[in-house]
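Undergrad: Provided below for reference: sequence and predicted model.
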Amino acid sequence: MNDEINTTQTTESAAEGNAPVMATSKSNSIPAEEMERITNDLVAAFKTVYDPEIPVDIYELGLIYKVELDDDRKVSIDMTLTAPGCPVAGEMPGWVETAAGMVEGVQEVEVKMVFDPPWGPDRMSEEAQVALNWW
């Protein structure tokens, strides 16, 4: 982990209604208003990426676990899949990287695939549960 990072907070699941929480360096060189805009734009970018087998975006599915932004405007993303054997496991991180890389102000994106904790339907937002008739 980068020693310059002051705080690192994990993204709570979309099911809990929380947007990704960004980590900033001690110098706080990115103004709060810009951090908020980048955060909102990243969420919007994540919502453009869909698991092809499930008609819900990856953000609402709760596949984004952690998002960090450093002073160099590098975004580090920890994400998962609904199942380790997902047919697009090799492609989806690239889709997420491309989407996040299009956000104004982001200079670099790194996507890390993680499987701990394992994804479960409880990570889905209410919106995703309704879309999938999981009520």
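TA: Received the coordinates, thanks.

Undergrad: Next, the buried residues of the biggest helix by length in the chain.
TA: Taking residue count as the measure and DSSP state H as the definition, the longest helix of the chain comes out as helix 32-46. In terms of neighbour count (16 or more other CB atoms under 10 Å), helix 32-46 has its buried residues at 38-39, 41-43, 45-46. C-beta: built from backbone N, CA, C; applies to glycine.

Undergrad: So which elements touch that helix?
TA: Taking 3 or more CB pairs under 8 Å, 6 or more residues apart in numbering; DSSP states H and E as the contact definition, the neighbouring helices and strands of helix 32-46 are helix 58-61, strand 64-69, helix 92-101.

Undergrad: How far does it sit from its chain's centre?
TA: The gap between the average C-alpha position of helix 32-46 and the chain average comes to 11 Å, counting by CA atoms, centre = their mean, to the nearest Å.

Undergrad: so what's Val111 up against?
TA: Val111 makes contacts with 77, 79, 93-94, 96-97, 100, as judged by CB atoms under 8 Å, 6 or more residues apart in numbering.

Undergrad: would CSV of those with pLDDT and distance to Pro87 be doable?
TA: What follows is the contacts of Val111, written out as CSV (pLDDT from 0 to 100; distance: CB to CB, whole Å):
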residue, pLDDT, distance to Pro87
Ile77, 96, 21
Met79, 95, 16
Pro93, 95, 14
Gly94, 97, 14
Val96, 97, 16
Glu97, 98, 19
Ala100, 97, 22
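
Undergrad: Return the closest of these with respect to Asp116.
TA: Distance to Asp116 across those (CB to CB) is lowest for Met79, with 12.3 Å.

Undergrad: Return the residues in contact with the closest one.
TA: 58, 63-65, 92-93, 96, 111-114.

Undergrad: pLDDT score assigned to the residue nearest the centre of the chain?
TA: Per CA atoms, centre = their mean, the C-alpha nearest to the average position across the chain is that of Ile64, at 3.6 Å. Reported pLDDT at Ile64 in the predicted model: 94.
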